[in-house]
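In: Pasting the sequence and the predicted coordinates here, then a few questions.
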Amino acid sequence: MKYTKIPTTDIKVSKICLGTMTWGEQNTEAEGHAQIEYALERGINFLDAAEMYPVPANAKTQGRTEEIIGTWLKKTGKREEIVLASKVAGPAEMVSHIRPNLGYHKEAIQDALDKSLKRLQTDYLDLYQLHWPERQTNFFGKRGYQHEEEEWEDNFKEVLQHLEEMVKAGKIRHIGLSNETAYGLMRFLEESGKNDLPRVVTVQNPYNLLNRKDEIGLTEILHRENVGLLPYSPLGMGTLTGKHLNGIKENSRLGLFPQYRRYSGEQAVQATRAYKEIAVKYDISLTHLALAFVNQQPFVTSNIIGATTMEQLSENIESINIELSEEILREIDEVQEAIPNPAP
């Protein structure tokens, strides 16, 4: 395994992070525990969760993912061996079942955090992330920003002040963002700098061979402001394994939950076929090509992988041993130039 530090902190994390959003829906508690043990044996020390998990979000299973991590922590007593991250849900109809006080006002964050800590059976989180912005912006499958009338008012400073209270209480070590834009990140950094408030250290966004839109503006900010990217969906919901090239597999995540097929459009399939040709040419799996590409990006702190089977998990973790040559990277860029960001 390879390691780095979360920027501006002393927290060492594995370059691969174990994502958990299928635990409690597609994976059982026993399978979740087995994944943690397998990952730890291979050097992974970083787990990412969220209060809304597992996905798809629904009232029956909400919080189950954190509970599975919590029972493992209680059983093993290995809290100090892992870096643990979770997220607070913002306002959205799809998560209205979580609690009535959705949003990032003080009471909502405090309520969400306390419930997450209880489910996780821990006293603190190493990283606590805002799962998506409160304001209307281009997240969850939107390529571009379209202005809409909204009730939201600028509250970046206030949100940081609320999080500062949780940091001072010892419940959070550091804060991060998710599904955030360049504008949102810069506003949070601006307010933390002007007001001596906790500084955002990471952004967790979708990033993969089919969606490199953050390179247009966000990655320069990450570089110049020393903030780390935690890419999720590095395999485009499984599309970049190549298994869906001849149609969606029936029992796969995309087969079970068709609402997640944003990586399955005609151009995305065309690009995936081109990446598959590169992988075949250089005798590596498409999965390894896709994950190694993300692993090698200089702005990436840790690549969040997810798996429903141990076979998938093993292959995903092995990607850390793949080094893509300049020639391969050049051919990847040629596909990106020809079919830029085919999935939102």
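Out: Structure's in. What do you need?
In: Just list the residues touching residue 289, thanks.
Out: 209, 275, 278, 279, 282, 322, 324, 328, 332 (Cβ atoms under 8 Å, 6 or more residues apart in numbering). For the C-beta atoms, the positions are set from N, CA and C on the backbone; glycine is no exception.
In: now residue 310
Out: Here residue 310 is in contact with 34, 35, 38 (Cβ under 8 Å, 6+ apart).
In: got the residue ranges for the helices in the stretch 1-150 of the chain?
Out: 29-41, 64-76, 106-120 (DSSP state H, counting those that start in this stretch).
In: Now do the second one, average pLDDT.
Out: It refers to helix 64-76. Across helix 64-76, the average pLDDT comes to 98.
In: So which residues make contact with that helix?
Out: 20-21, 23-25, 29, 32-33, 36, 47, 49-51, 53-54, 79, 84, 86, 116, 118-122.
In: Weed out the non-buried ones from the contacts of residue 310.
Out: 35, 38 (16 or more other Cβ atoms under 10 Å).
In: okay, the contacts of residue 310 in TSV with pLDDT next?
Out: Below are the contacts of residue 310 laid out as TSV (pLDDT from 0 to 100):
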residue	pLDDT
34	98
35	98
38	98
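In: follow-up on the earlier one: name the member of the contacts of residue 289 with the most neighbours.
Out: residue 209 (29 neighbours; other Cβ atoms under 10 Å).
In: measure residue 53 to residue 105 for me?
Out: 22 Å (Cβ to Cβ, to the nearest Å).
In: Give me the more crowded residue out of those two.
Out: residue 53 (27 against 14).
In: So the more buried one sits against residue 26, correct?
Out: No. Applying Cβ atoms under 8 Å as the test, residue 53 and residue 26 come out as separate, 11.3 Å apart.
In: tell me, what residue is most central in this protein?
Out: Closest to where the C-alpha atoms of the chain average out (Cα atoms, centre = their mean) is residue 232, at 3.6 Å.
In: so it touches residue 205, yeah?
Out: Yes. In this structure residue 232 lies within contact range of residue 205 using Cβ under 8 Å: 7.1 Å.
In: Name the spans of the chain whose pLDDT lies under the cut-off.
Out: 260 (pLDDT under 70).
In: most distant residue from the middle of it?
Out: residue 281 (30.1 Å).
In: Which residue comes closest to residue 146 once chain neighbours are left out?
Out: residue 138 (7.5 Å; Cβ to Cβ, 6 or more residues apart in numbering).
In: what's the burial count for that neighbour?
Out: 15.
In: Now do the contacts for it.
Out: Applying Cβ under 8 Å, 6+ apart, the residues contacting residue 138 are 144, 145, 146, 181.
In: If you rank those residues by neighbours, which is first?
Out: Counting by other Cβ under 10 Å, top hit in the contacts of residue 138: residue 181 with 21 neighbours.
In: quick one: contacts for the closest residue to that one other than its chain neighbours?
Out: Spatial nearest neighbour of residue 181, excluding adjacent residues (Cβ to Cβ, 6+ apart): residue 137 at 5.5 Å. The contact partners of residue 137, taken as Cβ under 8 Å, 6+ apart, are 145, 181, 183, 184.
In: gap between the last one and residue 264?
Out: Just to be clear, that refers to residue 184. 28 Å.
In: one step back: report the two of the contacts of residue 138 separated the most.
Out: Greatest spatial distance in those: 146 and 181, 12.8 Å, computed using Cβ to Cβ.
In: Return the closest of the contacts of residue 310 with respect to residue 151.
Out: residue 35 (40.8 Å).
In: Contacts only, for the nearest residue to the closest one once chain neighbours are set aside.
Out: Leaving out its chain neighbours, the residue that sits closest to residue 35 by Cβ to Cβ, 6+ apart is residue 313, at 5.9 Å. Residue 313 makes contact with 35, 38, 39, 305, 307, according to Cβ under 8 Å, 6+ apart.
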